[in-house]
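S.K.: sequence first, predicted model second:
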Amino acid sequence: MSNEHGNWCLIESDPGVFTELIHNMGVRDVQVEELYSLDSATLHAINPVHGLIFLFKWQGQGATTLGTSGGTVVENQDVFFAQQIIQNACATQAILSILLNREGEIELGETLGNFKAFASDLPPDMRGLALSNCDQIRE
């Protein structure tokens with residue numbers, strides 16, 4: 001573990017980069033695809049779809065954050081959610097949220113499997129802190 005949680009590298013929002021990141025963490029047989037449509041035919045063509053990541057520019061005031069309600073984190077025991085406390089890790093955090101909620105459908109690999117086993121009983125803010133200190137995922 002490391003205390004350098006602010007030193008995460010900003011990664012390019014590219015399906016190939018995301019797929020490489022996933023493979024480097026030990027997940028196999030999963031890849032990221034770029035979509036230009038969300039119609040049922042498009043989603044059916046790339047089935048199975050484990051999750052969607054929407055990339056958009058931050059709009060500032062008035063924008064809402066998914067996973068929060070009135071500034072507090074919404075907790076659901078059936079969903080693995082780690083509160084983001086890391087700078088420059090938005091894409092990594094989104095990818096991890098999808099992967100860690102699809103255990104059983106995909107093989108997480110040793111790194112993510114160990115992280116989930118360690119962090120599952122923690123509250124979301126502590127999961128975020130645990131993630132920020134996980135060198136294997138950061139690297």
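M.R.: Alright, I've got the coordinates.

S.K.: any weak-confidence spans in this structure?
M.R.: Flagging of the chain using pLDDT under 70 yields the residue ranges 1-6, 57-77.

S.K.: mind listing the strands for it?
M.R.: Using DSSP state E, the strands found in the chain span residues 68-69, 72-73.

S.K.: quick check: the residue of the chain positioned farthest from its centre vs Pro48, distance?
M.R.: Relative to the C-alpha centroid of the chain, counting by C-alpha atoms, centre = their mean, Ala41 is the outermost residue, at 25.5 Å. In this view, Ala41 and Pro48 are 15 Å apart by C-beta to C-beta, to the nearest Å. C-betas here are computed from N, CA, C, even on glycine.

S.K.: run through who's touching stretch 90-103.
M.R.: 8, 11, 13, 18, 21-22, 27, 30, 32, 50-51, 53, 55, 79-82, 84, 86, 106, 108, 112-113, 115-116, 131, 137 (C-beta atoms under 8 Å, 6 or more residues apart in numbering).

S.K.: now do 6 Å
M.R.: Contact with stretch 90-103 is made by Ile11, His50, Gly51, Ile53, Phe80, Gln84, Lys116, as judged by C-beta atoms under 6 Å, 6 or more residues apart in numbering.

S.K.: for it, buried residues please.
M.R.: For stretch 90-103, burial by neighbour count (16 or more other C-beta atoms under 10 Å) applies to 90-102.

S.K.: next one: that stretch to chain centre, how far?
M.R.: Averaging C-alpha positions (C-alpha atoms, centre = their mean, to the nearest Å) puts stretch 90-103 2 Å from its chain's average.
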